[in-house]
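Colleague: Here's a sequence, model it:
(one chain, ligands or ions: 2)
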Amino acid sequence: MSQARQSVAAAKRIVVKVGSSSLTTAIGGLDPSRLDALVDALAARSKAGSQVVLVSSGAIAAGLAPLGIGKRPKDLATQQAAASVGQLELVHAYATSFARYDLTVGQLLLTADDVVRRSHYRNAQRTFSRLLALGVVPVVNENDTVATDEIRFGDNDRLAALVAHLIGADALVLLSDVDALYDGDPRRGGARRITEVADESDLADVIAGTTGASGVGTGGMASKLAAARLASSAGVPVLLASAADAATALSAADVGTAFAATGSRLSARRFWLAHAADSAGSLKLDDGAVAAVVTRRRSLLAAGIADVAGDFDAGDVVDLTDLTGRVVARGVVAFDAVELPAMIGRSSAHLAPEQRREVVHADDLVPLPHRT
Ligand SMILES: Nc1ncnc2c1ncn2[C@@H]1O[C@H](COP(=O)(O)OP(=O)(O)O)[C@@H](O)[C@H]1O
Ligand SMILES: N[C@@H](CCC(=O)OP(=O)(O)O)C(=O)O
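Modeller: Numbering: from 1, shown residues only. Ligands and ions are numbered 1, 2, ... in the order given. Now for the predicted structure:
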């Protein structure tokens, strides 16, 4: 059995994400028998001593039937109305279902702001940890009713990966309507199941579609793959499996696709910087500066900057790119955007005394893995 599967089986703290398509019926609305089957598996895990956090989609899908709407609406206002009605149905169904095992659920609705702003990030961390200490099963979703297009996570796979790191989970399980990652969309036939992903090379031939079969979810396999990469590169092993296989998936059986943790666990601050924070602009680095910050983990000095874009203030997060525009790192910038153009390309000796300091300090800088 692979290390990743063992980690899922042994995880003391585990985040499980389930997609809309795994909770709803073909004619719309929640499917109580599928929801109960999922809760059976999660409750068993909880009774066995693990802390379980459930990230559940399905608010919009669950709201369609009560509102007499036939298919997933395209406009944001109707999606929000459906989520408003559906989220209530969803948590009520979970509360009732977990109560069969004397387990209490708590609802946590997050917006992107809750992880983008550092003070909010810490606050969310505290809430999770208190809920878990109290033996509650947190049921998490995006706060769809207030999220606007600009501030949306947009997909719960990413939200689940962020939550897994936020709470220091030992493993992340992504449950869907498909039983594994394949090298191509299995609906087309001839696709091969990927059982283990040890590193990026195992994903070289994989084509992940951006739409699901059900029409009720978002993002398709592409968003699951992105989330699995995000979590595994930050030290959290991931198992992607079918919701119908939840019980076996949680007990290390050979189902689904297991992603080994590739990177080391980042501190909460570095993870936030790399994956959650909004970037307010970018700095284009020459080759020497890229090598200095990415390979040698040095601070970024004005001399290595070739160009500045965006309207940021000192203290904002910016992307650092190479000369081709590829993002190689992110960091907290120490100068306002208006001040930098006159400084870039100059060595310290040619800068005013108050400008002779790092533009991005090494402690505030995270290199990003190269993605093809
Ligand atoms: N390479 C792939 N491997 C597996 N499934 C894929 C792949 N490419 C596309 N898909 C499709 O993605 C779907 C899962 O996405 P989606 O329905 O959005 O899930 P959920 O609602 O669980 O978030 C599968 O049903 C499958 O048809
Ligand atoms: N927050 C939305 C779900 C968004 C989402 O990512 O959906 P899915 O692709 O089914 O996991 C909802 O509850 O309807």
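Colleague: Skipping adjacent residues, who's closest to the residue of the stretch 251-372 of the chain at minimum distance from ligand 2 in space?
Modeller: Here the stretch 251-372 of the chain gets closest to ligand 2 at one residue, Gly256, 16.1 Å apart by CB to the nearest ligand atom. Bear in mind the C-beta positions are built from the backbone N, C-alpha and C, glycine included. Counting by CB to CB, 6 or more residues apart in numbering, Gly256 lies nearest to Ala241, which is 2.9 Å off, once chain neighbours are set aside.
Colleague: Assumed the one you found was part of a strand.
Modeller: Yes - Ala241: assigned to a strand according to DSSP: H, G, I helix; E, B strand; the rest coil.
Colleague: Surely it is in contact with Val255?
Modeller: Yes - using CB atoms under 8 Å, Ala241 is in contact with Val255, at 5.0 Å.
Colleague: anything in contact with each of these two?
Modeller: Asp179, Ala180, Thr248, Ala249 (CB atoms under 8 Å, 6 or more residues apart in numbering).
Colleague: Buried only: go through those for me.
Modeller: Those of the shared contacts of Ala241 and Val255 that meet the buried threshold are Asp179, Ala180, Ala249, by 16 or more other CB atoms under 10 Å.
Colleague: ok, back up a step: what number of residues are in the vicinity of the residue nearest to Gly256?
Modeller: 24 (other CB atoms under 10 Å).
Colleague: ok, longest helix in the chain?
Modeller: helix 76-99 (DSSP state H).
Colleague: how about that helix: buried residues?
Modeller: 78-87, 89-91, 93-95, 97-98.
Colleague: now what about the next helix or strand after it, what contacts it?
Modeller: Downstream of helix 76-99, the first helix or strand assigned by DSSP states H and E is strand 105-110. With contacts defined as CB under 8 Å, 6+ apart, strand 105-110 is touched by 54, 87, 91, 94-95, 98, 124, 127-128, 131, 136-143, 153, 159, 163.
Colleague: residue boundaries of the helices in the stretch 151-300 of the chain?
Modeller: 156-166, 220-233, 246-249, 268-271, 287-290 (DSSP state H, counting those that start in this stretch).
Colleague: now for the fourth one, which elements pack on it?
Modeller: Helix 268-271 is packed against helix 118-133, helix 156-166, with contacts defined by 3 or more CB pairs under 8 Å, 6 or more residues apart in numbering; DSSP states H and E.
Colleague: Of those, which is nearest Gly310?
Modeller: Nearest to Gly310 among those is helix 118-133; the distance by CB to CB comes to 19.3 Å.
Colleague: got the angle between that closest one and strand 105-110?
Modeller: Between the axis of helix 118-133 and that of strand 105-110 there is an angle of 170 degrees, by axes from the mean of the first three to the mean of the last three CA atoms, to 10 degrees.
Colleague: For the residue most central in space within the chain, list the residues it contacts.
Modeller: Nearest to the geometric centre of the chain sits Arg158, at 2.5 Å (CA atoms, centre = their mean). By CB under 8 Å, 6+ apart, the residues touching Arg158 are Ser223, Ala226, Ala227, Leu230.
Colleague: Give me the neighbour count for the last one.
Modeller: By that I understand Leu230. When neighbours are defined as other CB under 10 Å, Leu230 has 24 of them.
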